[in-house]
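Undergrad: Sequence plus the predicted model coming up.
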There are 2 protein chains.
Amino acid sequence: MASFLVNGWPAQSIDTADRGLAYGDGVFRTLLVREGRPLNWSRHHRLLVRDCGMVGIDPPDPGLVLDEIRRLAPMDATVKVIVTRGSSGRGYAYAEDLAPTRIVVAYPSLPVTPEPAQQGICARRCDLVLGEQPRLAGVKSLNRLENVLARAEWRDPAIREGFICDAAGRVIEGTMSNVFLVRAGTVATPGLTRCGVIGAQRERVRDLLAAQGIACAERDVPFAELAGADELFITNSVIGIWPVVRLGTWARPPGPLTRLVQALVAADDAAAP
Amino acid sequence: MASFLVNGWPAQSIDTADRGLAYGDGVFRTLLVREGRPLNWSRHHRLLVRDCGMVGIDPPDPGLVLDEIRRLAPMDATVKVIVTRGSSGRGYAYAEDLAPTRIVVAYPSLPVTPEPAQQGICARRCDLVLGEQPRLAGVKSLNRLENVLARAEWRDPAIREGFICDAAGRVIEGTMSNVFLVRAGTVATPGLTRCGVIGAQRERVRDLLAAQGIACAERDVPFAELAGADELFITNSVIGIWPVVRLGTWARPPGPLTRLVQALVAADDAAAP
């Protein structure tokens, strides 16, 4: 069973008038806690504050959120932090002094199955095409119906992720992950200025690569370019780094850059405060 | 105070794990109840079922929803019906047998101020540009952050609505309404196949005009075309039909077609079962 704190109080429910439910008027981030240590917390927190700013919600006090995460997750857990604009009456307009709702949820850690990270995963291209909304690009808002519809396109458990493109055929992200490709010794990840979600794991991978002197371009990536990739991998704060070993007719074993990224992330997690 | 039924039970709160909150994974419709009669119910119900189908949620039993509306709103009220995909664990994927959550909310009727409908309103053009997502076009989903951001662009109470365009500069809708224009004896409303919400009031207005032998084109409407409009009006199930008398530099008094639509809608409401 998941456990919840709503504005610091244990609760299994939220106000039906909350704008998070009414309009998806809020943002969230999901992270791993290991032995009481919230992994990659600085980036999760920075992105949560950025996302709040993008939609005009006062960000929660960072110390408060961290305290609540530690209360709910003293050992291992997957934790989700949701910030909504708060409860209001009907209508899109809101009072400027509306108090945001802060929800921290801790899910019991599932046993880690090492296979996807070790052996890699099969992925597919989704039919759904992401809409472009620069005002919300990169933001992990509560408006995630596109991701839900994209993920609902397949039930085959052998396929672990779907790649989603924009209307111009550029790959943007996975349904639950960010995408990286390695090609001719260069690393790239799709730019997320028109749509998509900037994951904290994506940002960490870019930082860790930069610290190794490895440039990672953030740019348009036509889906067709993936056919020429030497390596593909996906990143997500809960699953970590998964090599993609099959995508349609493309197939490659996990490559050395992917293995390096996995090692760098593992080392960074081990060093987390 | 608003009153709520969640799956038929009085409640002030919903499960924190509901996907309506987590992902905006649901749809809703808002309608007026007058002396216990849900106005324009057949179209609201048809669109609710359509919207559920578009996102793959089992629609609720119509008799059940109607019973619940009548329980909550025996006299006058504004009623919102929300259907979410239900509660689930973390992740965009969902079990096929997930039970949807049905929420019926009744807000006390506000005293009707006749001025906007009589004298018309001032509107503005919003800066926010709607993203295109044909898979959700027309659907009143719980992903309404674009409308929230567009409505947050102004606080001047003299401006009652904002017109929102797509990236090509076509007007699509108001933040809370659909838009109609009259020009050289013809009536048109923007097509909503790429983005926007199909309102039940919009559909009724089109039907009522058709019954009068007045064609209403559903087509692309470049925002620039509004400068040549003889009449502009907006439709919404709660506010009814409001003439627009000022939009930027465009200004016109309420026109005869707008008055006719107001009369037709009032007569249709009076005849509601």
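TA: Everything's here; your move. Numbering: from 1, shown residues only, chains lettered A, B, ... in the order given.

Undergrad: shouldn't A:R85 be in contact with A:G24?
TA: No. A:R85 sits out of contact with A:G24 when judged by Cβ atoms under 8 Å, with a separation of 10.2 Å. All C-beta spots, glycine's among them, are computed from the backbone N, C-alpha and C.

Undergrad: could you say what helices and strands the helix or strand encompassing A:L5 packs with?
TA: For A:L5, the host element (DSSP states H and E) is strand A:3-6. Counting contacts by 3 or more Cβ pairs under 8 Å, 6 or more residues apart in numbering or on different chains; DSSP states H and E, strand A:3-6 packs against helix A:62-72, strand A:101-108.

Undergrad: my read: A:C195 touches A:R135, true?
TA: No. In this structure A:C195 lies outside contact range of A:R135 using Cβ under 8 Å: 10.6 Å.

Undergrad: Around the residue in chain A that chain B sits nearest to, count how many other residues there are.
TA: The minimum distance from chain A to chain B, using Cβ to the nearest Cβ, falls at A:G24 (3.1 Å). By other Cβ atoms under 10 Å in any protein chain shown, 28 other residues sit near A:G24.

Undergrad: following the lowest-mean-pLDDT helix or strand in chain A, which helix or strand shows up next?
TA: Within chain A, no helix or strand scores below strand A:13-15, which has a mean of 85 by mean pLDDT, DSSP states H and E. Once the chain leaves strand A:13-15, the next helix or strand it forms, by DSSP H and E, is helix A:19-23.

Undergrad: And that next one, how far out from the chain middle?
TA: How far helix A:19-23 lies from its chain's middle: 21 Å, per Cα atoms, centre = their mean, to the nearest Å.

Undergrad: what residues does the stretch 101-250 of chain A put near chain B?
TA: Neighbours of chain B within the stretch 101-250 of chain A, by Cβ under 8 Å from any Cβ of the partner chain: A:103, A:105, A:107, A:128-136, A:141-152, A:155, A:167, A:175-176, A:195.

Undergrad: from those residues, which would you call buried?
TA: Taking 16 or more other Cβ atoms under 10 Å in any protein chain shown as the criterion, what is buried in those is A:103, A:105, A:107, A:128-133, A:136, A:141-152, A:175-176, A:195.

Undergrad: how much space between the residue nearest to the spatial centre of chain A and A:G20?
TA: In chain A, the C-alpha nearest the mean C-alpha coordinate belongs to A:G199, at 4.0 Å (Cα atoms, centre = their mean). A:G199 sits 20 Å away from A:G20, going by Cβ to Cβ, to the nearest Å.

Undergrad: ok, and the closest non-adjacent residue to A:N7?
TA: The spatial neighbour of A:N7 that comes closest, neighbours along the chain excluded (Cβ to Cβ, 6 or more residues apart in numbering or on different chains), is A:R102 at 5.4 Å.

Undergrad: Could I get the contacting residues of the one you found?
TA: Taking Cβ atoms under 8 Å, 6 or more residues apart in numbering or on different chains as the criterion, A:R102 is in contact with A:5-8, A:60, A:64-65, A:68, A:81-83.

Undergrad: Let me know the secondary structure of A:D156.
TA: Recorded secondary structure, A:D156: coil (DSSP: H, G, I helix; E, B strand; the rest coil).

Undergrad: Which residue ranges of the stretch 1-150 of chain A form strands?
TA: A:3-6, A:9-10, A:13-15, A:26-34, A:37-38, A:77-84, A:101-108, A:121-130 (DSSP state E, counting those that start in this stretch).

Undergrad: any idea which of the ones you listed scores lowest on pLDDT?
TA: Looking at the strands of the stretch 1-150 of chain A, the lowest mean pLDDT belongs to strand A:13-15 (a mean of 85).

Undergrad: That strand near chain B at all?
TA: Yes. Using Cβ under 8 Å from any Cβ, strand A:13-15 reaches chain B at A:13-15.

Undergrad: What strands line up against that strand, and which way round?
TA: strand B:13-15 (antiparallel) (DSSP bridges).

Undergrad: Run a quick neighbour tally on A:R160.
TA: A:R160 has 20 neighbouring residues, counting by other Cβ under 10 Å.

Undergrad: is it true that it lies in a helix?
TA: No. Secondary structure of A:R160 (three-state DSSP): strand, not part of a helix.

Undergrad: List the residues that contact it.
TA: Neighbouring residues of A:R160 by Cβ under 8 Å, 6+ apart: A:116, A:121-123, A:242.

Undergrad: repeat that with 10 Å
TA: By Cβ atoms under 10 Å, 6 or more residues apart in numbering or on different chains, the residues touching A:R160 are A:115-116, A:120-124, A:174, A:176-177, A:234, A:239, A:242, A:244.

Undergrad: A:R219 contacts A:T189, correct?
TA: Yes. Taking Cβ atoms under 10 Å as the definition, A:R219 is a contact partner of A:T189 at 8.2 Å.

Undergrad: and those two? which has more neighbours close in?
TA: Higher neighbour count among A:R219 and A:T189: A:T189, with 24 against 10, using other Cβ under 10 Å.

Undergrad: And that one, how far from B:R19?
TA: 28 Å.

Undergrad: So what's the residue count around A:R50?
TA: Look at A:R50: counted by other Cβ under 10 Å, it has 15 neighbours.

Undergrad: Low-confidence regions, the stretch 51-200 of chain A specifically.
TA: Under the criterion pLDDT under 70, no range of the stretch 51-200 of chain A is flagged.
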